[in-house]
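# Predicted structure and sequence below. I'll ask about it afterward.
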Amino acid sequence: MKKLEEIRTLSDLDVTEKRVIIRLDLNVPIKDQEIQDDFRIRESLPSLRYLLQKEAKILILAHLGRPKGEVVKNLSLEAVGNRISQLLGVDVLLVEEPRGDATRALFASLKTKQLLLMENLRFDPGEKSNDTTLASHLSQSIDVYINDAFGVCHREHCSVSALPNLMPERGVGLLMEKEIKHLGRFLQKQESSRAVILGGAKVSDKIKLIENLMPHTQAFLIGGAMANTFLKAQGHSIGKSKFEEKALPLAKDLLRKFEARDIKCILPIDYAWYDEQKEGDMKFGYGEKLMSATCQIFDLGPKSIKLFQEELVKYEEVFWNGPLGFFERKPFEKGTLAVAKTLSEKTSEAEDSFTVIGGGDTALAIAEYAENMSHVSTGGGASLEFMQNPIMPGLKALLPTRKEIAARERVVWVGGEMPEGMDPMREFQPQDNYNQDRSSQDRRGNEQTSYVKPKAPPVVRKKLEGESIPGGYIRRAKKEDTDGSK
């Protein structure tokens, strides 16, 4: 997590009147050219508004669906562009070809309250293959790269990996900054009490997640098909319910670790079951035991719902990834919705309550309660991947190189000969040790001395840059300061 602090944010970058390329996650459900849920679009708006206020010229990169490198008419971003236009009150110009010269020409003629939207990047096979040639085309005439597409940061694709590697001025947008902050919170030690809810299908997909969260978590509440593997590992009968045979040893090992570390592991104590081989009222029911060997567990039972609700109100912080039942099919959405309602009320009423929803199916399942949650992630797979390995491909590409860090650390004394015995860095930071690097002349021929301090924290740089010192001042070094050019 500490390494991610080196990535620059939107406020760190000079975007005023610059040509900015911004990767957004606009992969929204569309039916008959009508957007069914614009959550991801709305979450992307703060960064776009910020850029528009700075009078930046904007090119949006995004994808929709899985066109497999071919043009698919019903996967066009035209409907997305129309929605952005409605929400921001701007004209959105759709650019058809990512490898042509159209972008450069459009940038030149772009007017106030206009922005560019590149057509579905996945129409080009180079996007998924992380093609450097496509990246080179996209980077032409661009000053700044911004990644605000958390939902695709776990993909090693051109627009999130190869492209930023070509851009010296790069960083994260406001949404990405928020995602990293809120999800990263659960990977760090906190004084507050913490619980984690896990659902979905597979235990094996979440092993690393559980291990990363275990040191800072007091309770794990497990539902969905994932719980079936744990129940089976404990010797419970689960009928024909889905479970992971190969993951049984993993589940047993985790149960031992929970017990050894005095971490609660809350599993369902009764079930909502379904039996496709029965008819009428015999097809569905509730109980602590299944009616027959052909039954399948599809949701939490009433007692389990109450158990989960009573347990969750004990904790100040809650992270939730994965639905607790077959929520797409009534009445098996009850467990997920009941828990969502409890968390929604708890989060809105208690000042110290903090709840994060891990995106994907979980966000879809609890949509009616999303407004009261502290944060709902825009990435399902990405949020899971981040919690397991925060340095995802899209974030790794934004990390500064050693050369870039060294360039940021260099500051220069301007104003002729420095007073004897005066170190401008010690004047403001006496505990820091800066060494004289070299002397040179600035463009006007004034003598100046360059100083280097390795690994200076950003807060120090910001404090020192532009500080007034008797007889001169400190500014960030430019290219001509280090190569002797005039």
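Great, that's in hand.
# Do me a favour and get the end-to-end distance for stretch 364-373?
End-to-end distance for stretch 364-373: 13 Å, by C-alpha to C-alpha, to the nearest Å.
# That should have said stretch 98-118, apologies.
7 Å.
# need the strands for the stretch 101-250 of the chain, in chain order.
Under the criterion DSSP state E, counting those that start in this stretch, the stretch 101-250 of the chain contains strands at 114-118, 144-148, 170-172, 194-198, 219-222.
# Need those strands in TSV (columns: distance to Gly394, mean pLDDT and mean neighbour count).
In short, each C-beta sits where N, CA and C put it, glycine included. TSV is the format used below for those (distance: least, C-beta to C-beta, whole Å; pLDDT from 0 to 100; neighbours: other C-beta atoms under 10 Å):
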stretch	distance to Gly394	mean pLDDT	mean neighbour count
strand 114-118	17	95	22
strand 144-148	6	98	26
strand 170-172	9	96	24
strand 194-198	24	96	24
strand 219-222	28	97	23
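# out of these, nearest to Ala367?
Ala367 lies closest, by C-beta to C-beta, to one member of the strands of the stretch 101-250 of the chain: strand 194-198, at 16.6 Å.
# What lies in contact with the closest one?
186, 206, 209-210, 213, 216-224, 226, 308, 311-312, 314-322, 324, 339 (C-beta atoms under 8 Å, 6 or more residues apart in numbering).
# Direction included, what does it pair up with?
Strand pairing for strand 194-198, determined by DSSP bridges: strand 219-222 (parallel), strand 317-321 (parallel).
# how about those strands, which one is nearest Asp270?
Once the strands paired with strand 194-198 are compared by C-beta to C-beta, strand 219-222 is nearest, at 14.7 Å.
# Please export the C-alpha coordinates of the closest one as CSV.
Extracted in CSV, the C-alpha atoms of strand 219-222 (Å, rounded to 0.1, in the frame of the first residue of the first chain):
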residue,chain,number,x,y,z
ALA,A,219,-15.1,-11.9,12.3
PHE,A,220,-15.8,-13.5,8.9
LEU,A,221,-19.4,-14.1,7.9
ILE,A,222,-19.6,-16.5,5.0
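# what ranges of the stretch 351-486 of the chain fall below the confidence cut-off?
Low-confidence segments of the stretch 351-486 of the chain (pLDDT under 70): 406-486.
# Quick one: residues contacting the residue nearest in space to the middle of the chain.
By C-alpha atoms, centre = their mean, the chain has its centre lying nearest to Phe150, at 3.6 Å. By C-beta under 8 Å, 6+ apart, the contact set of Phe150 is Asp25, Leu175, Met176, Glu179, Ser377, Thr378, Gly379, Ala382, Ser383, Phe386.
# Off-centre distance for stretch 247-261?
29 Å (C-alpha atoms, centre = their mean, to the nearest Å).
# And for stretch 391-409?
17 Å.
# again, but for stretch 35-51
14 Å.
# Repeat that for stretch 120-139.
Chain-centre distance of stretch 120-139: 22 Å, with C-alpha atoms, centre = their mean.
# So for it, what gets flagged as buried?
Within stretch 120-139, the residues scored as buried using 16 or more other C-beta atoms under 10 Å are 120-124, 126-128, 130-131, 134-135, 137-139.
# Tell me which entries of those residues lie within helices.
In helices, defined here by DSSP state H, the members of those are Gly126, Glu127, Lys128, Leu134, Ala135, His137, Leu138, Ser139.
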